[in-house]
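1. 3D, please:
(chains A and B)
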Amino acid sequence: MTLQTIAHSETLIESSQKFNPVRLVDRIFYWVTVAMAIAIGVILLWITWSLLSIAFPAIAKFNIGFLFSTSWNPVQDSFGALPQITGTIVSSIIALLFAVPLGVGVAVFLSENFLPSKLQTPLAFVVELLAAVPSVVYGMWGIFVLVPFILPGLQTIHNLFGWFPLFSTAPSTRQMFATALVLAIMILPTIIAISRDSLLSVSPQLRQGAYGLGATRWETLVQVIVPSALSGIIGSVMLALGRALGETMAAAMLIGNSNRISASLFAPASTISAMIANQFAEASGLQKSSLFYLALVLMVLTLVVNVLAEIIVSKFQQVE
Amino acid sequence: MTTQSDNVLEDIAPGTFDTEVTSGRKNFGKLMTGLVIGCVVVAILPLGSIIFMLLKNGLSRLFQDFPSVFTELPPPPLVDGGGFSNAIVGTLITCLIGALISLPVGILTAIYTIEFGRGNKLSQFVRFCTNVLSGVPSIIAGLFAYGIVVLTMGNFSAIAGGVALSVLMMPIIIRTAEEGLKSIPSEVRQGLVGIGATNFQGVASVILPATLPFIATGATLALARAAGETAPLLFTALFNQFQARSLKEPIATLSVLIYNFAIAPYKNQNELAWAAALVIVALIMTVSVLSRTLTARKVY
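-> Here you go, the predicted model:
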């Protein structure tokens, strides 16, 4: 083919048609990305639906009463989840009680110049790395290190304050309190990392203004810096709460899976995820269905907490 | 604004501010400094103890029978020695399956939300779903994979484990890929339009290659998370005392091995659990550090 013939035979329409395959690829590519974007939503619905469909027999039989019943009896096919739900919430709240003050304290320390930055940056980095330690490792550390370490102390507390309901049973090797402690340690890196970020993102003018007014470092921190970073800190706490509620392995290894609600923190208890992890293998029929019902409850619980966290954190980003 | 600050200045009488830092204010500062240092010490103790115990218990077992830990199969109860070769292979396989599913879906989703639909209703919805997905407890990802893979295929398998992990990896990959795409200046896109590239040509030949470091970071972070997950594998990949011969068989993973052996009442198995924990934590730390160096390199 010579150049002349091309120039002669190719009209504008023909030359534009030559690009049709290119356009087709482009269009297909576009729709594939749309499909994948929609797929993320579909996966979420699919998760909910697959839980619902297996949980349905239990939902139909026990209805909402499932949430308030304390019986878990595979022989008589009667199931209720109150001990698990209270265990999940109580263990998470105790974990927060320990982790929030500690985490915010460490975040304040790491966001100020108490240490030379040569020491500070690696320290913050180590904290972030600890967030990546698998929960099963925390659980194992709890069994072999933490429980033997705290047991004598708990025994003393029980001896002295045994009349108080919270300490009314002799500390067992598998118990609520130890589980909550391990949960607190697990969520500590989350709280520290996000709180530190939001403290660091407070505008330096605010600090300069406060110093200019004659405030000391701590007056600035308490009255200016921390309040302006508050929504970020609360967001970090909510995210940590979401993690604590859904945490499985540490609870499964440490809480003891007792089906009784005990006022004592030193007694074995149960959480939703620990119950699922422990009973799923040998469950069948209505029991398996009830475990999926439990999973749905957990999903709703974490969903509410995470969406709240999302709203708080996004408000914080707008202010930023 | 100006009038307001003027008023404030007028309101301040001379001597309103303590120019002198009183001892009470000094002590408050000292007390608070002491408190946060206390917080740091209390926080470092357990976290340091975890690392110390991992090194102490894990290293002793790893050195004691060095190559055999990595080459032998898990021991039955009351048998000495043994290793976790099958679990290392299993962790790699399940994570790989998870990555194979979540990488294409995640990257294409990010391309849609940033390149095609930035700011529109669908991409806002996708952002919401990604956030919700990242908050889904890992055990629920496991139940999901059980429902859709194990029940349909009829048995526990490496594939089911990979599906469960992919659900957990997806949000991480989407987020980092989005960050990477956002970091590309709009001049690049305008230039692509200027030279007549279609969207596909632009994304495939210029934009995606430029975001590769971010995508690699996302992939490594997701792998690091997946490698440590136990709960989603409990009733999907299950466990296997031997090497799995196909992807449709139950497969051993390091994390499930740690769980099984940590709660077992046998000393040898407990020791192996520590060794396996050290291996997996070392693996995750290496990968996380690696992923940082990747994003440190900027293309644009």
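
2. can you tell me the element residue 90 falls in?
-> Answering for chain A, as no chain was given. According to DSSP states H and E, A:Val90 maps onto helix A:82-111.

3. I was thinking of chain B, sorry if that wasn't clear
-> helix B:85-111.

4. list the helices and strands the helix or strand following that helix packs on?
-> Where DSSP H and E defines the elements, the next helix or strand beyond helix B:85-111 is helix B:121-135. Secondary-structure packing of helix B:121-135 (3 or more C-beta pairs under 8 Å, 6 or more residues apart in numbering or on different chains; DSSP states H and E): helix A:20-62, helix A:230-246, helix A:285-319, helix B:158-182. C-betas here are computed from N, CA, C, even on glycine.

5. and with 10 Å instead?
-> Contacts defined by 3 or more C-beta pairs under 10 Å, 6 or more residues apart in numbering or on different chains; DSSP states H and E place helix B:121-135 against helix A:20-62, helix A:230-246, helix A:285-319, helix B:85-111, helix B:158-182.

6. check the offset of the next helix or strand after the first one from the chain's centre.
-> The first helix or strand that comes after helix A:20-62 along the chain, using DSSP H and E, is strand A:72-73. In terms of C-alpha atoms, centre = their mean, to the nearest Å, the centre of strand A:72-73 is found 28 Å from the chain centre.

7. what mean pLDDT does strand A:72-73 get?
-> Strand A:72-73 shows a mean pLDDT of 86.

8. which residues touch whichever residue of the stretch 151-300 of chain A sits closest to chain B?
-> Relative to chain B, the nearest point of the stretch 151-300 of chain A is A:Gly246 (2.7 Å; C-beta to the nearest C-beta). A:Gly246 makes contact with A:88, A:92, A:271-273, A:298-299, A:301-302, A:305-306, B:135-140, B:231, according to C-beta atoms under 10 Å, 6 or more residues apart in numbering or on different chains.

9. before we move on, what about A:Val108?
-> A:114, A:192, A:195-196, A:199, A:218, A:221-222, A:225-226, A:229, A:233, B:32-33, B:35-36, B:39-40.

10. my guess is B:Val193 contacts B:Val206, does it?
-> No: the pair B:Val193 / B:Val206 is not scored as a contact, 11.5 Å apart, by C-beta atoms under 10 Å.

11. in terms of neighbours, single out the busier of these two.
-> Shown here are B:Val193 and B:Val206; by other C-beta atoms under 10 Å in any protein chain shown, B:Val206 has more neighbours (17 against 11).

12. got the phi/psi numbers for that one?
-> Backbone torsions of B:Val206, given as degrees, to the nearest 10, read phi -120, psi -60.

13. re earlier: give the buried residues for the helix holding A:Val90.
-> The neighbour-count check on helix A:82-111 (16 or more other C-beta atoms under 10 Å in any protein chain shown) flags A:82-85, A:87-92, A:94-96, A:98-100, A:102-111 as buried.

14. and if you look at stretch B:175-186?
-> Residues B:175-181, B:184 are the ones in stretch B:175-186 that count as buried (16+ other C-beta under 10 Å).

15. can you pull out the low-pLDDT segments for chain A?
-> Within chain A, the ranges that satisfy pLDDT under 70 run A:1-10, A:316-320.

16. go again with 80.
-> Per-residue confidence for chain A (pLDDT under 80) gives these ranges: A:1-16, A:18, A:128-130, A:310, A:313-320.

17. tell me how many other residues crowd the closest residue to chain A within the stretch 151-300 of chain B.
-> Closest approach of the stretch 151-300 of chain B to chain A (C-beta to the nearest C-beta) occurs at B:Gly228, with a separation of 2.8 Å. Neighbourhood size, B:Gly228 [other C-beta under 10 Å]: 24.

18. surely it is in contact with A:Met186?
-> No: assessed by C-beta under 10 Å, B:Gly228 is found out of contact with A:Met186, at 11.9 Å.

19. overlap of the contact sets of the two?
-> Joint contacts of B:Gly228 and A:Met186 (C-beta under 10 Å, 6+ apart) are A:133, A:135, A:137, A:249.

20. nearest residue to the third one other than its sequence neighbours?
-> Okay, so that is A:Val137. Once flanking residues are discounted, A:Val137 sits nearest to B:Ala277: 4.7 Å by C-beta to C-beta, 6 or more residues apart in numbering or on different chains.

21. check which helix or strand covers the one you found.
-> B:Ala277 belongs to helix B:267-296, assigned by DSSP H and E.

22. for the record, mean pLDDT for that helix?
-> Helix B:267-296 comes out at a mean pLDDT of 86.

23. what angle separates that helix from helix B:158-182?
-> Put simply, helix B:267-296 runs at 20 degrees to helix B:158-182, going by axes from the mean of the first three to the mean of the last three C-alpha atoms, to 10 degrees.

24. next one: helix B:267-296 to chain centre, how far?
-> Relative to the centre of its chain, helix B:267-296 is centred 12 Å away, using C-alpha atoms, centre = their mean.
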